[in-house]
Each structure stands twice: as C-alpha cells, then as structure tokens.
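>>> when you get a sec, could you give me coordinates for this:
(2 chains)
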Amino acid sequence: MRLWRGLALLLLALLFIYPLARLLLLPLAVGSASVESFRPFLNSAAFALLTGCIVAPLGALAAQALETKAGGAVRALGLGLWLLFFTPGYVLTTGWLVIFTHPLLRDSLPGQLFLGPAGLVFLYVLKALPFAVFVARTTFAGASISLREAALVLRLPALRRLGLTMRLVLPAMAAAFAIAAIETMQEFGIPATLGVTTKIPILTYAIYQRLNTTPTDFAGAALLCWWLILSAGLLAALQIIIQRRFHAALVHGKARRAPPVHPGGAARVVLSLAAALLWGVGIAGPFLALLSVAMQGTALDAEALSAIPRSLGYGVLAATLALGAAAFVLKLQRGRSAWFTMAVQGALTANMAVPGLVLGAGYVVAFNNDVLPLYGTALLLVIAYAAGALPVAARLLGGAMAQLDTKLDEAARIFGLNLQTRLIDIEGALLIRPALYAWLLVVGAVMFELPVSELLYVPGQMPLGVAIVSADMMANYDQAARLALLAMGVLAGLAAILNLALHLAHAPSLRVRGRA
Amino acid sequence: MRKLIASVFAVIVVVVAALLLWPAPQGGLVLYTGLDYGPAVAAAFTKETGIKVSVVRLSTGSLLARIVAQGSHPDWDIGWFDGATAAAALDQDHLLAHGLPAPAGLTPVGQGLLSANGAYIPTGLTLAGVFISDPTRLPTAPSVWNDLLSPAYKNLAGMNDPSISGPTYPMLAGMLDNAGGWPQGQAFLLALKANGVHMFDKNDATLAALQSQAISLAIVQSSAAFFYASHHPGLRVTIPSPAYVLPNVMVEAAGLSARRQKEVARFMAFVMRPDIQRLRQIEGEADGEYWPITQNAPAPLPGMPDLTGIHTITLDPVKWGGLESTINSWFAKMMSAA
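Coordinates of the predicted model:
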C-alpha cells in the first residue's frame, strides 16, 4: 500500500509540480531577469485584499441564509449565485462594457467609475462571491442543530448566537478570503477586457507584457510569478493558521440538521433586496446586454459550434482528475507531519498563484521532448487544466473533508465494509455536495479557460475559449456572444441534471431536509 | 441507487476520455496563423491537394509565445502572421528554416520585403498605423505624424498598447524612426503623451472608444481601420506621410523533413495564387484588407487607396526587431502607466 501511495505521489509530482517548477527556476538559470517597478505588484495586492475583505463576510452571510432560511427570496438568491458561478469573467465584463460604452452612459458618473478602479473591484467581487458562498455553505450545511439548541437552553442573546456561528464559520471565511484574493491577484481576463491595464498596471499585465513581446521573456515572466507565489503563500498561511485555530468536527454520525425556517419582517426584506441586487447587477444587466449583441449577425459555423462539446468534455475529464487528485492528497495529509502538509499546501498555492499563460508554458517546456513527448496531445491539455484547477478543488473540498470525523471510516472498517461501500455510501455521500460544487466549478472554469488552451490545444481542435477570442478578433462579436451564452446554457443544463442525480442519490442532508 | 449513479458517471467519463484522448492519426501540415483568412485558405488547400492542414488560430502575441515555448521541438510547420520584426526575432532564436522560395511575380514593393536569408516570405502588406476619425467631431484629420502634437488634437487621439497588441510595435517603431530613431524619438512619444493621447489594449478597444466618442481619432493598423470604416459609414481613414509598411509574412519551422518541406513550399505557392488571394480578401474579415504584392493579384478591396500614391517606408526588421523588448519596456514605464 505504501509503495502504491509513493508511486501515486510521484506521478502527481511529475504531472503537476515538475512542469511549473521547471519554468519557475528559469530566472535562476538565466540570471539576467529583473523587476523594474513594484507598482503593478502593489496595485494587484491592494485589489486582492480589498476583494477578499468584501467577499468573505458577504459570502458567509449569504451562505448562512441559504442553509438556514427558506422561502422564495432564498431560492432566488441561491439560483442567482449558481448562475453567477457559471458566468465567465468575459461575459460579466463584456456585458457591462456594452452598457457603459454607450456614449450617453460613458461620460456619466457610473460610467466613469466603471471604467476605473471601482469597476475592477465591482467585477472582481461579483466573480469571487459565489466561490466564497459555496466554500462557507459546506460549514453551515454540516452544522448540527444541537449547537442552536444548546444556545437556546442557555438563553444566549441573538447577537451572541450569531457571534458563535461566525466563529465556527471563520475557517470557511478564511478559505473564501484566500481563494478570492489569490484568484483576484492572478486574474487577467477582467482587467484586460475592461481595458484599464494601461492606466492601472497590475502584476499579471506585467507578466503578459513579458510573454507578448519579441523576444519572449519567459525568465522575466517567471521572476514576476514569484511575487504572485509569495503573496499567495502568505494568504494561504493565514488561512491555515485560522483553520487550525478554529477548526471543529461538525460532521459526524450523530449530527442532526436544523430545518430551514421562513424569515420574517426585516430579514425577509433584506434577503429580497439582496436577491434582487444580485439578479440585477450580476445576471440581468450583463446577460441582456450580451443577448442584444448575440441577436445580431449570422448563424454560428459548425467549427465554432463544435468547440462547446469539446470543451465540455475537457472540463468533465479535468474536473474528475482534479477532484480525484485533490481528494487523494487531502486524505494523504491526515496524520502526516506538518512538513508534509506545508509542502502540499506550498505546491498547491504556487500552482494557484501562477497565471495560466505561465503554467501552460511550463507544460510545453516540460513535455515537448523525446523522453515524455506529450506535447500536442489532448491528454497534456487535460492534465494542465487539472493542474490549474487542483488548488481550487482542494480548497473547496478541504474544508468539508476536514470536518469529517475520522471515526466514521474506522467504524466502517471494523464492520468489515468494503472499499467501494466506504467510498460511495459513506464518504461520497457526505461529501457529495461540496464535491459537486467543486466539480461543476472546475468544468465551468475549464470550458472558458483561455491561456493554457492557447498554448496547448491540439491543432485543428479549437477549445471554446480560443473560439470565442477568435470570433472577437475577427470582429464577429455576435458570434462570440452567442458561443458564450450557448455554452453557459449547456453548463446550466449539466448542473440541473447533476442536482437531479443528487436528489435521486438521497444524500443524507437532503433526506433530513425532506423529513422536516 | 448511489452505486448505480456512480457507475453511470464512471462510464460517461470513460466514454468522454476515449472520444477526446484517443490519438488522432498524424500527417499533413500544421499551420499556425494569426491572420483571419488562415483557416479558409487551409481548407481550400486540403480540398485541392488532399493534404490535411491542421490550424492553430491565435493572436500574433500568443502565437509567437507558443512557438518560442516549443523551441527546437516544433509541432508546427508553417507560421503566418503580421510583422517581419517578429519573424526576424524568431530567426535570431534559430527557430526558422532558411532559403524559403520567394513568391513568383513579386512587385518591386514586394521584392523589397524579402528577407536576406529567406527566413520569411512576404504574402501581402498593410500599414502599421493610419488615422481613422469621425469628420463630424474632427473636421480636419492630421496628415503627418507631427500633427498629432498640435493643440487641435489634444485629448482626442487614442492608440493601442504595443505590449498587448502585437502589430502595434511596428507602428511605434515607425513613429520613433520618423522622429529621429531610437532613443531620440522618445521626445516625440513623450510629447504625444503630454498632448493627452489615450491608450487602449487592442484595435477593437481603440475603435470601440472611437465609436463611443471617448476619442475622436484612432491610430490603428490599416486593415483594422479600413474594415471598421466599411462597417461604419461616415468614418474617414487618413494615411499619414510617411506610412510604415507592415507585411504579413510566412515562416517555416527549422528542421522539417524533405517531404514536409515540399508540402510547405506547395502551400506557400498556393496562398499567392490570384484566386486564393481573392479568397483571402473575401474570407479575411479585417485581415482581408491588405495590399497584394504580386503582379497578377486581384486589386485591393474597395475603399483602399492605390499604394503607388502613398509615401511608404519599410523599416529594417532585424534592427527594429532587436529593439522591441527595450522599446516596449520603456513604453510601458513611461507611456502606459498614468
């Protein structure tokens, strides 16, 4: 068993760590790369911290509402978050750009604000909010009613009860903060589409400059990546400290779930307003604008259309691989030394912090040779997608797995249950919801992924992200909009089917809810 | 039920993997194109010759990054993009084959675009920077580069960022050359900044700013300007004097087999045929707005002026290609950031 684990770790290191490490070590080999200005780094760090600070508490509050409250406003909020979750940054940014580049609106105060730092923060927050909610939801979903009952028996005031709940959700908030901040730091699509990078230099823009100029400066780009990794490392360390200080085993065999209650009075008004705001600014505004663009022009050609099922397939494979690898690594972490945990977290954080263009270049350099000639195959593309998604998958799963009582598995072994039953009927059933969120997130992210696709896609087999950008480059904005909207429809359909499957599978939390 | 759903899911994943990951049969040419008409020309070539052409269609910057990352193990055969400076930079990295056959029947302008060692061949030309403006908001368009420094154009002009938009660097090189070369030309660019020139990422962003009236004059590649003007009647394209030539070029990966080299040569001759040049114009969207450089080629698309009436200058791609990184870094530091 130990040998198999060792081999699996070796394979993960070869596929997920070696390519990135090889590229990141380039500045040491070349020795001539240098950082010219710290302004892009400071700008990126400021945007990341601000986004994290806004998104983490908002995400926790929304997650608590979704898991503890019932009613139409809650359902609208939940559905809105799912739709926002699947909406690529490109759609959000382009949709709002269509609105604010209208001559009448461009010179208005909202227009001026949108085409500046405020617009960037607005879009970053919109994009990061669903992440934060889904990370925090896993904690509230696992929370037992006994905590609330104990608080009521002890006659704790409502504010104190909320404080206790928030203390329990701190690890999830820390994870949401770290994910939002790191994702914001390495985000390039939103600022590039918004077109503000020339006025507000950011770190990913500086990296892109190094890679988009001739001669291409990979060593310089790798050196700048180290700043991203350092920042992400600090954020991840903060998350680990909070997780260790405040973690609690919430999911166990005796956990009883609190039935959701219908909010009344002010709470209902606040929830309705929140849902309306989310639907208005996050979905209706950009979608209707993009739909108006999509309605013009000619029909989609077959080649562009074929990119949707192809990228959906890539997404399915990459998500399955990423989640499998994440679950394996997280299970392996249990009971190991702190050094092992730190090494795993370090590798995941470095991977998460690095922009896709650099990650993709690492895979080209590592696997474009006679020893491991994977370059030019769809397999390498899927592996690179999975590598890019692995850190987020691990973070989304990590919170839920940390709350699983280890005694569940021990008890199952004592009763002689086989591996299949333990994996599917016990751990799988308890982790199915966070795993589904993480899986769908990775599928969605891979479907619209651009930089890794650009560097690694197999000639003649264009992925969706490249097809959308190609249509944009040819001034076929209607085709680009139609492709994006169609792909999102496909994703929404997939999410609906899987949620239906979840109902059929009778996950324990749903069964309890059904009885209530 | 759980086990059944898990089994169905597993079967779906295996089927998807088999469909997507099964290695496709090798063979044929691999074309890396940054030009809109690349896929249509590849399809026509396959139809006529039976030789399969797999296409990678990307922006020029991403295309070059992909080529450079592959280094001496290229998975491409032919590269086709705007900019002899980029081709010269690839050649300096020893990534290109030499001695490519020059296209037959080149005009004198076309012959002036050939590389000394045959590392690339020109397949047509555009102009690196022209002015597109709205006459209702800007009655008089500038006619020479120095006009842009006039108070009449203060805060009205916009251009692309050369770090993001690959074809913008040749325009920047042209501006610098016109102002005395590098580094003397820095003064012109700083004066341009002082006169309030706006900076956008790429052609589409700059032209969208023109349309939304954020600017009244856009400085963009000629192909983008003519294409945009043809779809937005009322806009005016003015060609500055001098105008700097930006050829679209074709390159071949170093180290191809003799058989593959023959197929590449056949493709290169194919794209210069009059009927295929017509196809490039029709299917090329913005990139179709180029000036052909062979004697038997079709006329440029309607709306494009005769090249003989334009004062053009062709920059030395080796000299300016070697300066690209330095100039772009300086530009990012001094011009891009507010």
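>>> tell me the pLDDT at the residue nearest to A:Arg482 when sequence neighbours are not counted?
Excluding its sequence neighbours, the residue lying closest to A:Arg482 (C-beta to C-beta, 6 or more residues apart in numbering or on different chains) is A:Ala294, at 4.4 Å. Where C-beta positions appear, they are placed from N, C-alpha and C, glycine not excepted. Looking at A:Ala294, its pLDDT reads 87.
>>> how about the contacts made by A:Ala294?
By C-beta atoms under 8 Å, 6 or more residues apart in numbering or on different chains, A:Ala294 lies in contact with A:478, A:481-482, A:485.
>>> for chain B, state which of the residues you listed is nearest.
A:Asp478 (12.4 Å; C-beta to the nearest C-beta).
>>> helix or strand for that closest one, which one?
helix A:477-505 (DSSP states H and E).
>>> hang on, the earlier thing: which one of the contacts of A:Ala294 has the most neighbours?
A:Ala481 (27 neighbours; other C-beta atoms under 10 Å in any protein chain shown).
>>> tell me the contacts of that one?
Taking C-beta under 8 Å, 6+ apart, one finds A:94, A:290-291, A:293-294 in contact with A:Ala481.
>>> most neighbours of all those, which one?
In the contacts of A:Ala481, the most neighbours by other C-beta under 10 Å go to A:Leu290, 28 neighbours.
>>> phi, psi for that one please.
Per-residue torsions, A:Leu290: phi -70, psi -40 (degrees, to the nearest 10).
>>> pretty sure it is touching A:Ile99, no?
No: shown here, A:Leu290 and A:Ile99 do not form a contact pair, counting by C-beta atoms under 8 Å, at 9.9 Å.
>>> show me where chain A has its strands.
Shown for chain A, no strands are assigned by DSSP state E.
>>> quick one: distance of the longest helix along it to the chain centre.
When chain A is parsed with DSSP state H, its longest helix is helix A:302-333. When distances are taken as C-alpha atoms, centre = their mean, to the nearest Å, helix A:302-333 is centred 13 Å away from the chain's centroid.
>>> and what of stretch A:78-94?
Centre to centre, stretch against its chain (C-alpha atoms, centre = their mean), the figure for stretch A:78-94 is 12 Å.
>>> and what of stretch A:20-29?
The answer for stretch A:20-29 is 26 Å, by C-alpha atoms, centre = their mean.
>>> flag every buried residue along it.
By neighbour count on 16 or more other C-beta atoms under 10 Å in any protein chain shown, the buried set for stretch A:20-29 is A:20, A:22-24, A:26-27.
>>> format these as a markdown table; extra columns: pLDDT.
A markdown table is the format used below for these (pLDDT from 0 to 100):
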| residue | pLDDT |
| --- | --- |
| A:Leu20 | 85 |
| A:Arg22 | 84 |
| A:Leu23 | 83 |
| A:Leu24 | 85 |
| A:Leu26 | 81 |
| A:Pro27 | 79 |
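>>> in JSON lines: the residues you listed, plus distance to chain B.
Putting those into JSON lines (distance: C-beta to the nearest C-beta, whole Å) gives the following:
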{"residue": "A:Leu20", "distance to chain B": "14"}
{"residue": "A:Arg22", "distance to chain B": "12"}
{"residue": "A:Leu23", "distance to chain B": "9"}
{"residue": "A:Leu24", "distance to chain B": "14"}
{"residue": "A:Leu26", "distance to chain B": "11"}
{"residue": "A:Pro27", "distance to chain B": "16"}
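>>> okay if I get the residues you listed as CSV plus distance to A:Ala13?
Formatted as CSV, the buried residues of stretch A:20-29 follow (distance: C-beta to C-beta, whole Å):
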residue, distance to A:Ala13
A:Leu20, 11
A:Arg22, 12
A:Leu23, 15
A:Leu24, 14
A:Leu26, 19
A:Pro27, 21
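>>> A helix includes B:Ala102, no?
No: secondary structure of B:Ala102 (DSSP: H, G, I helix; E, B strand; the rest coil): coil, not part of a helix.
>>> ok, it touching B:Leu113?
No: here B:Ala102 does not reach B:Leu113: they are 9.9 Å apart, not a contact under C-beta under 8 Å.
>>> hmm, back to that, separation between the residue nearest to A:Arg482 and A:Val281?
20 Å (C-beta to C-beta, to the nearest Å).
>>> let me see the contact set for A:Ile242.
So A:Ile242 contacts A:170-171, A:173-174 (C-beta under 8 Å, 6+ apart).
>>> skipping adjacent residues, who's closest to it in space?
A:Ala174 (3.8 Å).
>>> number of nearby residues for that neighbour?
Quick note: A:Ala174 (other C-beta under 10 Å) scores 24 neighbours.
>>> report pLDDT for it.
84.
>>> ok, it to A:Ala378 distance?
For A:Ala174 relative to A:Ala378 (C-beta to C-beta), the value is 37 Å.
>>> cool, and B:Glu263?
For B:Glu263, the distance to A:Ala378 - C-beta to C-beta - is 24 Å.
>>> pick out whichever of the two has more residues nearby.
A:Ala378 (24 against 19).
>>> which positions within stretch B:133-142 qualify as buried?
B:133-134, B:138, B:141-142.
>>> got it, and stretch A:161-179?
A:161, A:165, A:168-179.
>>> stretch B:324-338 too?
Buried, per 16+ other C-beta under 10 Å, within stretch B:324-338: B:324-325, B:327-332, B:335-337.
>>> redo the residues you listed as JSON lines? Include distance to chain A.
Output for those, formatted as JSON lines (distance: C-beta to the nearest C-beta, whole Å):
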{"residue": "B:Glu324", "distance to chain A": "5"}
{"residue": "B:Ser325", "distance to chain A": "6"}
{"residue": "B:Ile327", "distance to chain A": "9"}
{"residue": "B:Asn328", "distance to chain A": "5"}
{"residue": "B:Ser329", "distance to chain A": "7"}
{"residue": "B:Trp330", "distance to chain A": "10"}
{"residue": "B:Phe331", "distance to chain A": "10"}
{"residue": "B:Ala332", "distance to chain A": "6"}
{"residue": "B:Met335", "distance to chain A": "9"}
{"residue": "B:Ser336", "distance to chain A": "5"}
{"residue": "B:Ala337", "distance to chain A": "5"}
